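S.K.: Next one to model:
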Amino acid sequence: MAIALKDTYKTILTPSEETLFKDRNSKFFGYAFPVTSEAEVKEHIESLKKQHYQARHWCYAYVLGKEYEQYRANDDGEPSNSAGAPIYGQLQSYDVTNVLVVVVRYFGGTKLGVGGLINAYRTGAQNALEASHIVEKTIDIPFKVQFEYPLLNKVMRLINDYKVTIINQHMEMNCVFTLAIRRKESEKVINAFNEVYGITLLEDED
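M.R.: This is a model prediction of the structure:
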């Protein structure tokens, strides 16, 4: 029996509201941001360091990629695995990707111990994700077709029948459409286009 490829992922589209968790006078501000690159991660962290310049720690974790393939956790000076790991654990628990969660700590004068820190950072991350609007998106496979203009109606019928997304279209006598279809439907749909005489599948130049 063939194993179906995962073709959906969960993410957030807009930053969360700021959240606050307190423990023995220490304050833990939580934030969740949609991100697609390490450069964006760095920008958000630098921005929070300016906003919270009197804070003691800016701990974070993130997951990148529609396949959840890239991740990192950072304790930022807290005891090893007491901050970044519990934040990352919440990203896993909520099953989200392309998301950065940062928990900013203001030290309140009383040490919390490793157990207290793990609980605080886990709660800070959970609060930030609870304050986020999590959506499910499909993993889409792009493909490109070329055809003569008289075939346009037939191509549009296929697009509508299979609910194909048009990413880009160039229409002259020789038309080129860049399309996308949900992964689990991709083989069937691409074959349907390929079977129509006059439609040519093009190799992606990227």
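S.K.: Show the model's pLDDT score for the residue nearest the centre of the chain.
M.R.: Centroid-nearest residue in the chain: N98, 2.3 Å away (criterion: Cα atoms, centre = their mean). Per-residue confidence (pLDDT) for N98: 97.
S.K.: Any chance of the backbone angles for the residue nearest to it when sequence neighbours are not counted?
M.R.: Nearest residue to N98, sequence neighbours excluded (Cβ to Cβ, 6 or more residues apart in numbering): T11, at 4.7 Å. All C-beta atoms are positioned from the backbone trio N, CA, C, and that covers glycine. T11 has phi and psi values of phi -160, psi -180 when expressed as degrees, to the nearest 10.
S.K.: Report pLDDT for T11.
M.R.: We have a pLDDT of 97 for T11.
S.K.: Could you do L202 as well?
M.R.: pLDDT at L202 comes out at 85.
S.K.: so the closest residue to it other than its chain neighbours is in which element?
M.R.: Using Cβ to Cβ, 6+ apart and skipping the chain neighbours, the partner closest in space to L202 is K144 (4.2 Å). Using DSSP states H and E, K144 maps to strand 140-148.
S.K.: could I get stretch 126-143 in CSV with only the CA atoms?
M.R.: C-alpha atoms of stretch 126-143 as CSV (Å, rounded to 0.1, in the frame of the first residue of the first chain):
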residue,chain,number,x,y,z
GLN,A,126,2.0,28.5,24.3
ASN,A,127,0.4,31.9,25.0
ALA,A,128,1.9,33.4,21.9
LEU,A,129,0.6,30.5,19.7
GLU,A,130,-2.8,30.7,21.4
ALA,A,131,-2.9,34.4,20.5
SER,A,132,-2.2,33.5,16.8
HIS,A,133,-4.6,32.6,14.0
ILE,A,134,-3.4,29.2,12.8
VAL,A,135,-4.4,28.2,9.3
GLU,A,136,-4.0,25.1,7.2
LYS,A,137,-2.5,25.4,3.7
THR,A,138,-1.9,23.0,1.0
ILE,A,139,1.5,22.0,-0.5
ASP,A,140,1.0,22.8,-4.2
ILE,A,141,3.1,21.5,-7.1
PRO,A,142,3.8,24.0,-9.8
PHE,A,143,3.9,23.1,-13.5
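S.K.: What's the separation between the residue nearest to the centre of the chain and A125?
M.R.: Distance, N98 to A125, using Cβ to Cβ, to the nearest Å: 16 Å.
S.K.: so which helix or strand takes in the spatially closest residue to V35 that is not a sequence neighbour?
M.R.: The shortest distance from V35 to any non-neighbouring residue, by Cβ to Cβ, 6+ apart, is to L100 (4.7 Å). Using DSSP H and E, L100 sits within strand 99-106.
S.K.: now that strand: how far from the chain's centre is it?
M.R.: Counting by Cα atoms, centre = their mean, to the nearest Å, strand 99-106 is centred 17 Å from the centre of its parent chain.
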